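Asks: Fold the following, please.
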Amino acid sequence: MKMVKLTINGQRIKAEEGTTILEAAQENNIYIPTLCHHEEVTPYGACRLCTVEITKNGRKRLVASCLYEVADGLKVITDSERIATNRKMLMELLLARCPNNKAVRDLAQKLGVDKTSFKLDDNDCMLCALCVRVCQEVVGVSAISLVNRGVNRAMATPYFEDSNVCIGCGSCAYVCPVDAIKFEDIGDTRHIYWPNNKMEFKLKKCSNCGRYFAPQAQLDYIIKKVGLDPDAFDKCPDCRD
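Replies: A predicted model of the protein is given here:
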């Protein structure tokens with residue numbers, strides 16, 4: 001494991017080679033705002049709020065800290081006037097897209113942005129694609145994706161219809177940074193609500209306590225993928241202990 005030396009806001013730190021600036025900063029309790037980053041999926045650089053200023057070989061430039069890897073001698077500034085101006089513009093754009101979203105409003109306030117000069121829309125989804133990436137990279141089913149272009153860009157199931165590969169696990173809702181995706185279990189059914197569609201999944205009933213505990217489609221997927229016995233999930237986690 002090779003370590004590299006760099007400075008962030010004048011603080012000298014060491015980080016493992018291959019680590020991004022954002023990861024190195026977080027490991028050293030240095031705050032860099034971000035909404036689209038999650039340690040379990042490949043960085044995407046959607047929100048760009050994590051932009052920092054680097055100096056390398058005497059040249060200064062702005063980079064997305066979630067994508068840019070650390071290097072020996074790298075100098076990083078996270079809070080210069082140039083960065084603040086850049087973040088303010090990005091935050092105003094995001095606030096215009098999602099003016100009624102609490103997570104977006106809270107971060108805007110933290111960054112000193114209380115209004116936007118852009119035309120207001122009414123979305124909850126910020127198009128960070130975290131849900132898409134976790135579905136592809138972690139769950140492995142690719143039930144959702146980003147579709148269309150420009151102002152019509154959206155997160156959706158194929159053709160905005162019910163997905164035949166979604167297993168109802170809810171990972172997309174868990175990872176969403178702005179709570180644009182929600183799900184709830186009512187009786188024997190799980191309801192998942194995406195910005196442009198919704199689906200229902202039957203839940204498995206525990207053979208011991210009678211509690212509904214997970215989507216049958218999710219359990220079937222795990223059984224097939226891992227090669228478990230068909231009755232591996234006949235009991236809920238509590239009754240299996």
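Asks: And the next helix or strand past the longest strand belonging to the chain?
Replies: Using DSSP state E, we find that the single longest strand of the chain is strand 197-205. Tracing the chain past strand 197-205, the next element assigned as helix or strand by DSSP states H and E is strand 212-215.
Asks: got the contact list for the helix or strand following that following strand?
Replies: Sequence-wise, the next helix or strand downstream of strand 212-215 (DSSP H and E) is helix 216-226. Defining contact as Cβ atoms under 8 Å, 6 or more residues apart in numbering, one finds that helix 216-226 is touched by 140-141, 166-169, 201-204, 228-230, 232-233. The C-beta positions use only the backbone N, C-alpha and C, and glycine is treated the same way.
Asks: Name only those of those residues that count as buried.
Replies: 141, 166-169, 201, 203-204, 233 (16 or more other Cβ atoms under 10 Å).
Asks: with the residues you listed in mind, which one is nearest to Pro33?
Replies: Cys169 (28.7 Å; Cβ to Cβ).
Asks: Just give the nearest non-adjacent residue to the closest one, would you?
Replies: Gln218 (4.8 Å; Cβ to Cβ, 6 or more residues apart in numbering).
Asks: And Pro43, by the same measure?
Replies: Cys66 (4.4 Å).
Asks: can you tell me which residues contact that neighbour?
Replies: 20-22, 34, 36-37, 43-45, 50.
Asks: Secondary structure and distance to Leu127 added to those, as JSON lines?
Replies: JSON lines is the format used below for the contacts of Cys66 (DSSP: H, G, I helix; E, B strand; the rest coil; distance: Cβ to Cβ, whole Å):
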{"residue": "Thr20", "secondary structure": "strand", "distance to Leu127": "21"}
{"residue": "Ile21", "secondary structure": "helix", "distance to Leu127": "23"}
{"residue": "Leu22", "secondary structure": "helix", "distance to Leu127": "19"}
{"residue": "Thr34", "secondary structure": "coil", "distance to Leu127": "15"}
{"residue": "Cys36", "secondary structure": "coil", "distance to Leu127": "9"}
{"residue": "His37", "secondary structure": "coil", "distance to Leu127": "15"}
{"residue": "Pro43", "secondary structure": "coil", "distance to Leu127": "15"}
{"residue": "Tyr44", "secondary structure": "coil", "distance to Leu127": "10"}
{"residue": "Gly45", "secondary structure": "coil", "distance to Leu127": "12"}
{"residue": "Cys50", "secondary structure": "coil", "distance to Leu127": "16"}
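Asks: What is the nearest of the residues you listed to Lys119?
Replies: Cys36 (22.6 Å).
Asks: Report the contact partners of the closest one.
Replies: 44-47, 49, 66, 126, 128-130, 177.
Asks: domains for the chain, by residue range?
Replies: 3-79, 81-123, 130-240 (automatic domain parsing).
Asks: chain center to the shortest one: distance?
Replies: Meaning domain 81-123. Distance of domain 81-123 from its chain centroid, counting by Cα atoms, centre = their mean, to the nearest Å, is 18 Å.
Asks: cool, the last one as well?
Replies: Its chain's average C-alpha position is 16 Å from that of domain 130-240, according to Cα atoms, centre = their mean.
Asks: can you check stretch 25-40 too?
Replies: 12 Å.
Asks: And stretch 122-141, by the same measure?
Replies: 6 Å.
Asks: still on that earlier bit, buried among the contacts of Cys66? Need that as a selection in PyMOL.
Replies: Applying 16+ other Cβ under 10 Å to the contacts of Cys66, the buried members can be selected in PyMOL as follows:
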select buried, resi 20+21+22+34+36+37+43+44+45+50
